[in-house]
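Take this sequence and fold it.
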Amino acid sequence: MDRERLFEHKLRNNLQTLGLVGLLAGLAAYLAWFVGGETFVWAALFGVLALYLLHPAGSPRWVLSMYRARPIRPEDAPVLHAVLGELARRAELPYVPPLYYLPSRVMNAFATGQRDEALIAVSDGLLRRLDRREIAGVLAHELSHIVNGDIRVMALADLVSRITSVLSFTGQLLLVLAIPLMLMGVEGPPWIPILILIAAPTLSALIQLALSRNREFEADRSAAELTGDPEGLASALLKLERYQGPLWEQLVMPGRRVPDPSLLRTHPPTEERVRRLMELTPRRGYAAFPDSLMLGELDPLAGFGRLHRARPRWHVSGLWY
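Residues are numbered from 1 along each chain as shown. Below is the predicted model of the structure:
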């Protein structure tokens, strides 16, 4: 691996994270001060900390029940568990996150829960369409979200954004109540803070989206460091991009989807993620992934048939189950 590039990407990602979190906190603090002075600033800070400590993230079990997920036992998919176990060891995680199976043909994977009780879920579509190196890259990416504390960071950002929205609504309500006094000749508040007050929910949402994209970049970098194989994750990302959308669109117009505006994306553009990953590729040869994890030529889906005897079925609601 190119260690110099790894350090450069990590430093850039972490500095961007600190800047975005600071910007989000500064916006909330300014709104609190504008609405109620120093007292409101401390009240907003206490509210964020209390909510964060009491309920930092959504319940993993609730998320799993929503997706109809089922646990993947070691005997169901021994190679998947071997890969994840080796990645957890390399990441110095004190436990191996449980694996769950999503009965969906949509290519998807996610990590949820707090750092000490997190889990990773992978869909049927992802397991069937990705090879061993690509699956390992995806698992390393999700494991990196857990190790880097991204779930907690995004939970904190979400809470600050909600507090910002509440403060913005309160300020706008007070402003409406003050309009009669302004019509009577009483001097009103300055216009610049009013404009910030009105735009605050949109600004906080954009900062939150930018923070999400930044953490995706850092998870990619960490995953490449864990596997020693940036190309494996890059290949998985390209497949995920290719298989987006319905089947007819994949056949008739592959790669022709109209992209969302970059500011409104939760994930960075695939092209940029792949470009950054390829910058981490060693300038000379490197150990292939199967050798680096000492898994030989085992099939990552070996024994997986015992877990699901039938492919996911289509429901009238449009969901796979």
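
which residue ranges form the helices in the protein?
All helices of the chain, identified by DSSP state H, fall at 3-36, 38-54, 60-67, 78-90, 124-129, 132-147, 150-183, 191-227, 230-242, 247-252, 270-279, 289-292.

tell me the mean pLDDT for the fifth one?
So the one you mean is helix 124-129. Rounded to a whole number, the mean pLDDT of helix 124-129 is 90.

Could you name the helices and strands sitting against it?
strand 99-102, helix 132-147 (3 or more CB pairs under 8 Å, 6 or more residues apart in numbering; DSSP states H and E). Bear in mind the C-beta positions are built from the backbone N, C-alpha and C, glycine included.

Nearest to A91, out of the ones you listed?
Smallest distance to A91 across the helices and strands packed on helix 124-129 (CB to CB): 4.8 Å, for helix 132-147.

Just the CA coordinates for the closest one, please, in PDB.
What follows is helix 132-147, C-alpha atoms only, in PDB (Å, rounded to 0.1, in the frame of the first residue of the first chain):
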ATOM      1  CA  ARG A 132     -14.600 -12.700  -3.000                       C
ATOM      2  CA  ARG A 133     -12.400  -9.600  -3.300                       C
ATOM      3  CA  GLU A 134     -15.300  -7.300  -3.800                       C
ATOM      4  CA  ILE A 135     -17.300  -8.700  -0.900                       C
ATOM      5  CA  ALA A 136     -14.200  -8.400   1.300                       C
ATOM      6  CA  GLY A 137     -13.900  -4.700   0.300                       C
ATOM      7  CA  VAL A 138     -17.600  -4.000   1.100                       C
ATOM      8  CA  LEU A 139     -17.300  -5.800   4.500                       C
ATOM      9  CA  ALA A 140     -14.100  -3.800   5.300                       C
ATOM     10  CA  HIS A 141     -15.900  -0.600   4.300                       C
ATOM     11  CA  GLU A 142     -18.800  -1.300   6.700                       C
ATOM     12  CA  LEU A 143     -16.500  -2.400   9.400                       C
ATOM     13  CA  SER A 144     -14.600   0.900   9.000                       C
ATOM     14  CA  HIS A 145     -17.800   2.800   9.700                       C
ATOM     15  CA  ILE A 146     -18.000   0.900  13.000                       C
ATOM     16  CA  VAL A 147     -14.300   1.400  13.900                       C
END
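
follow-up on the earlier one: ranking the helices of the chain by burial, who's on top?
Each of those was scored by mean neighbour count; the highest is helix 132-147, a mean of 25, by mean count of other CB atoms under 10 Å.

picking that back up, adding distance to Q208, write the helices and strands packed on helix 124-129 out as TSV.
Listed next are the helices and strands packed on helix 124-129 as TSV, based on distance: least, CB to CB, whole Å:
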stretch	distance to Q208
strand 99-102	25
helix 132-147	16
